[in-house]
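In: the following comprises the amino acid sequence and a computationally predicted model.
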Amino acid sequence: AQKITQTQPGMFVQEKEAVTLDCTYDTSDQSYGLFWYKQPSSGEMIFLIYQGSYDEQNATEGRYSLNFQKARKSANLVISASQLGDSAMYFCAMRPSNTGNQFYFGTGTSLTVIP
Amino acid sequence: EAQVTQNPRYLITVTGKKLTVTCSQNMNHEYMSWYRQDPGLGLRQIYYSMNVEVTDKGDVPEGYKVSRKEKRNFPLILESPSPNQTSLYFCASSSHQAGVREKLFFGSGTQLSVL
């Protein structure tokens, strides 16, 4: 079974501090992609970062990095130097190769950045 | 500009009145999908389509219909809406070209209220 788990319904972080949003996944596929999306209060879904299961380096995109631990099946999102605009819902998603390239989403983490 | 266009943005209707939410993408994507988002439940897939004339049920298909007659369009039909279908709906699309690396592109969402 394919599954994504985000265990933190809500998180708070002080402005300018770093924060880690947890994501664990379950799949028997060897090839898969992992994604993080941001949903601000306006509602749109914004792609943040991608990690491939065969990628040896952890992905980074500006202030976003993905702490990928394949053996533990975790793909945590790290946001450095938090800004007020980072307050949003964050979703982790997986795209396994052997399921017709379907996408599976976690339940999301609501992040609030405190000034 | 590459985009997924979803309409309407907001919709208020009454129980039993048939409605259609339109979705169109201009990226020649094979894969299209509909999700509903409810608080605490994340994004749940309603239906998806791997290509023209190929559709399949997601996790919560009851009460919904879809069709994929053209590659660019994937409308969501609620034949007899009920209050429990009040939700935020997203259409999304993706390519198969690069497999698991391809991200999901989202429409701007449709907030549906069924009275």
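Out: Now that the structure is in, tell me what you want to look at.
In: centroid-wise, who is the farthest residue in chain B?
Out: B:Ala98 (22.6 Å; C-alpha atoms, centre = their mean).
In: which bits of chain B sit near chain A?
Out: B:31, B:33, B:35, B:40-45, B:48, B:50, B:88, B:90, B:92, B:94, B:96, B:99-106, B:108-109, B:111 (C-beta under 8 Å from any C-beta of the partner chain). Every residue, glycine included, has its C-beta placed from N, CA and C.
In: please indicate which of those are buried?
Out: Buried residues within the residues of chain B next to chain A, counting neighbours by 16 or more other C-beta atoms under 10 Å in any protein chain shown: B:31, B:33, B:35, B:42-45, B:48, B:50, B:88, B:90, B:92, B:94, B:100, B:102-106, B:108-109.
In: got a list of what A:Asp29 touches?
Out: By C-beta atoms under 8 Å, 6 or more residues apart in numbering or on different chains, A:Asp29 lies in contact with A:Gln2, A:Ser53, A:Pro96, A:Ser97, A:Asn98, A:Thr99.
In: what's opposite the third one in the beta bridge?
Out: It stands for A:Pro96. As for beta bridges, A:Pro96 partners with A:Tyr32 under DSSP bridges.
In: so which residues make contact with the strand or helix carrying A:Phe12?
Out: If you go by DSSP states H and E, A:Phe12 is part of strand A:10-14. With C-beta under 8 Å, 6+ apart as the test, strand A:10-14 has contacts from A:Val19, A:Leu21, A:Ile79, A:Ser82, A:Asp86, A:Thr109, A:Ser110, A:Leu111, A:Thr112, A:Val113, A:Ile114.
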